[in-house]
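Asker: Predicted model and sequence below, questions to follow.
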Amino acid sequence: MQVATRNGLTGIVAECGGNAMCATCHVYVDENWIGRLTAMSADEDALLDGAAAERLSNSRLSCQIKLADDLDGLVLRLPEKQI
Amino acid sequence: MTTLGATGNVNAPSKADASGATSAIPEVDVDPFSNEFFENPHPSHEVLREAGPVVRFDKWNVYGVARYAEVHTVLNDPATFCSSRGVGLSDFAKEQPWRPPSLILEADPPAHTRTRAVLNRVLSPAIMKQLRDRFSAAAAKKADELVSKGSFDAIADLAEGFPLSVFPDAMGLKQEGREHLMPYAGLVFNAFGPPNKLRQDALERSAPHQAYIAEQCQRENLAPGGFGACIHAQADTGEITAAEAPMLVRSLLSAGLDTTVNGLGAAIYCLARFPEQWARLRKEPSLARNAFEEAIRFESPVQTFFRTTTRQVDISGFRIGEGEKVLMFLGSANRDPRRWENPDTYDIKRPTSGHVGFGSGIHMCVGQLLARLEGEVMLSALARKVGAIEITGQVKRRYNNTLRGLDSLPITITPA
């Protein structure tokens, strides 16, 4: 999320600044990558139910994706809305 | 010791501490809880930021952080900077709190984690979706009413009027006694401050407001489907005890109204003072939500909160002992030029993510989505229905130890 917002990507809003409290940093993770992310917490799971765009099986909150070398090349798709 | 007066003069005989390990923390003789400070805090905020990463307020015997980086750091280290000793000046380890401590605001993990989970459910994005249509309709109605009126006080009739038309009903409160809600909230937020006149006066008048609030927190006084009933329902599942539920209702009644009133007031005041931003908003009403968020950054209705150190700690190379109160200037952090470009400009397209107007970390405002919903729908309705906004009378500030906002904002609006 931080990388996206710092680089002016408006498709990620991140109203709560990465505190996992708003569900406006919603992304769809490419099927080749979804299994390689750390599992989501109960809080993230609950928040995704409130996301503005449709929740899919590959929905995640981008503020909960911690980037590391093994995620280099990560492919994410943006939902049509965050609010 | 380096001393800064209100004029910003610096006296700097240097002093090493006993271990010689860190520089001396500059002392400032500014009173951040004085009416003069409230009237115009921004030059003083700059003095504090420029003095150093950490300052000391002799008058109240507390440390302060006014730059974005340090405020963000303190907010995000709850183990070191705790809330269970109170988030006002008063240290609950040293004196009796004015009311039983909040189970969420004035709590640390693990107790906080459990109560936070309850309020997260009550104020979740999913719940907000259910409220949106109802709140939008109320906002449209209010906007129409105000356009018909033409001239009115934007504080009483809009900043207070709109939240009062949606929040108490959403809580499930009965009609009688609602006049106690704003005075109670004013008291709560004054009580975070030092033992000055604002705080003393508020406490002296507090009994009837406290009595009303205590009554409304009881399960039988909260209508089905509202936030209050929802909290009590979670006691049924054992998440919280029946005794804890009223306290969590109290939290929403304390923090869910005066804050949004000052947030909406801030937004109207900003739009009235920055006509190009109002023009932009009218052209693109979808900017309403960010216009509200930017007003929160720009005015920071909640100006300050305290934390208490649980151990000796170094903040940016400055050492603070255990059991010390640290005053965080959220409003100053939100205008720190180290973090924000043109911080003193109200820009409704600014990327606001990361501002600390709602705090940050585990205690970040649990009601932030409700606040944003209220702000968005009201500003959106105004953007669609109002032509011009003009300030037409004397603007008066409302003084509170924690909240920043106006008491009176006479405006005249024309139809779109």
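Answerer: Everything's here; your move.
Asker: What parts of the stretch 51-200 of chain B come near chain A?
Answerer: B:A117, B:N120, B:R121, B:S124, B:P125, B:A126, B:I127, B:M128, B:K129 (Cβ under 8 Å from any Cβ of the partner chain). Yep, even glycine has a C-beta here, placed from its N, CA and C like the rest.
Asker: Mind doing that once more with 6 Å?
Answerer: Contact residues (Cβ under 6 Å from any Cβ of the partner chain) of the stretch 51-200 of chain B with chain A: B:S124, B:P125, B:A126.
Asker: State whether the last one and A:L47 are indeed in contact, as I suppose.
Answerer: No - the pair B:A126 and A:L47 fails to qualify as a contact (Cβ atoms under 6 Å) at a distance of 8.6 Å.
Asker: The two: who's more crowded?
Answerer: A:L47 (27 against 14; other Cβ atoms under 10 Å in any protein chain shown).
Asker: any idea which helix or strand carries the more buried one?
Answerer: Assigned by DSSP states H and E, A:L47 falls within helix A:42-48.
Asker: can you list contacts of the following helix or strand past that helix?
Answerer: Once helix A:42-48 ends, the next helix or strand along the chain (criterion: DSSP H and E) is strand A:59-61. Applying Cβ atoms under 6 Å, 6 or more residues apart in numbering or on different chains, the contact partners of strand A:59-61 are A:C25, A:V27, A:V29, A:E44, A:L48.
Asker: immediately after strand A:59-61, which helix or strand?
Answerer: Defined by DSSP H and E, the subsequent element after strand A:59-61 is strand A:76-77.
Asker: In chain B, which residue sits closest to chain A?
Answerer: Evaluated by Cβ to the nearest Cβ, chain B has B:P125 as its residue closest to chain A, separated by 2.5 Å.
Asker: Which pLDDT value belongs to A:C63?
Answerer: With respect to pLDDT, A:C63 scores 97.
Asker: Surely B:P163 is in contact with B:T260?
Answerer: Yes - B:P163 is in contact with B:T260 according to Cβ under 6 Å; the separation is 4.6 Å.
Asker: Now the common contact residues for these two.
Answerer: B:E374.
Asker: how about the strands in the stretch 51-200 of chain B?
Answerer: For the stretch 51-200 of chain B, applying DSSP state E, counting those that start in this stretch gives strands covering B:55-57, B:62-65, B:81-82, B:151-153.
Asker: List of residues touching the longest one?
Answerer: Strand B:62-65 is contacted from outside by B:V54, B:V55, B:R56, B:F57, B:V71, B:V74, B:I320, B:E324, B:K325, B:V326, B:L327, B:M328, using Cβ under 6 Å, 6+ apart.
Asker: In helices, which of those fall?
Answerer: Those of the contacts of strand B:62-65 mapping onto helices are B:V71, B:V74, per DSSP state H.
Asker: TSV for the contacts of strand B:62-65, including neighbour count and pLDDT?
Answerer: Formatted as TSV, the contacts of strand B:62-65 follow (neighbours: other Cβ atoms under 10 Å in any protein chain shown; pLDDT from 0 to 100):
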residue	neighbour count	pLDDT
B:V54	25	98
B:V55	25	98
B:R56	24	98
B:F57	21	98
B:V71	28	98
B:V74	26	98
B:I320	22	97
B:E324	18	98
B:K325	23	98
B:V326	22	98
B:L327	25	99
B:M328	27	99
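Asker: isn't B:A185 right next to B:D258, touching?
Answerer: Yes - if you go by Cβ under 6 Å, B:A185 and B:D258 touch, sitting 3.5 Å apart.
Asker: So if I had to pick from the two, which one is more boxed in?
Answerer: Neighbour count, other Cβ under 10 Å: between B:A185 and B:D258, B:D258 has more, with 27 against 23.
Asker: Would you mind giving the secondary structure of B:S254?
Answerer: Put simply, B:S254 is helix when judged by DSSP: H, G, I helix; E, B strand; the rest coil.
Asker: Need the nearest residue in space to it, chain neighbours excluded.
Answerer: B:V188 (4.6 Å; Cβ to Cβ, 6 or more residues apart in numbering or on different chains).
Asker: quick one: that neighbour and B:S83, what's the gap?
Answerer: For B:V188, the distance to B:S83 equals 15 Å [Cβ to Cβ, to the nearest Å].
Asker: ok, these two, which is more surrounded?
Answerer: Higher neighbour count among B:V188 and B:S83: B:V188, with 27 against 23, using other Cβ under 10 Å.
Asker: Need the pLDDT of the more buried one.
Answerer: We have a pLDDT of 98 for B:V188.
Asker: cool, A:T10 as well?
Answerer: Looking at A:T10, the pLDDT reads 89.
Asker: how far does stretch A:62-69 sit from the chain's center?
Answerer: Distance of stretch A:62-69 from the chain centroid (Cα atoms, centre = their mean, to the nearest Å) equals 9 Å.
Asker: For that stretch, buried residues please.
Answerer: In terms of neighbour count (16 or more other Cβ atoms under 10 Å in any protein chain shown), stretch A:62-69 has its buried residues at A:S62, A:C63, A:Q64, A:I65.
Asker: and what of stretch B:116-136?
Answerer: Neighbour-count burial for stretch B:116-136, with 16+ other Cβ under 10 Å as criterion, is recorded at B:116, B:118-125, B:127-128, B:131, B:135-136.
Asker: What lies in contact with it?
Answerer: The contact list for stretch B:116-136 (Cβ under 6 Å, 6+ apart) reads A:23, A:49-50, B:104, B:166, B:227, B:230-231, B:234, B:239-240, B:366-367, B:369-370, B:373, B:377.
Asker: quick one on the thing from earlier: using TSV, please lay out the contacts of strand B:62-65 together with distance to A:G11.
Answerer: As requested, these are exported to TSV (distance: Cβ to Cβ, whole Å):
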residue	distance to A:G11
B:V54	38
B:V55	40
B:R56	44
B:F57	43
B:V71	29
B:V74	32
B:I320	41
B:E324	43
B:K325	42
B:V326	37
B:L327	38
B:M328	32
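Asker: All good on my end, thank you.
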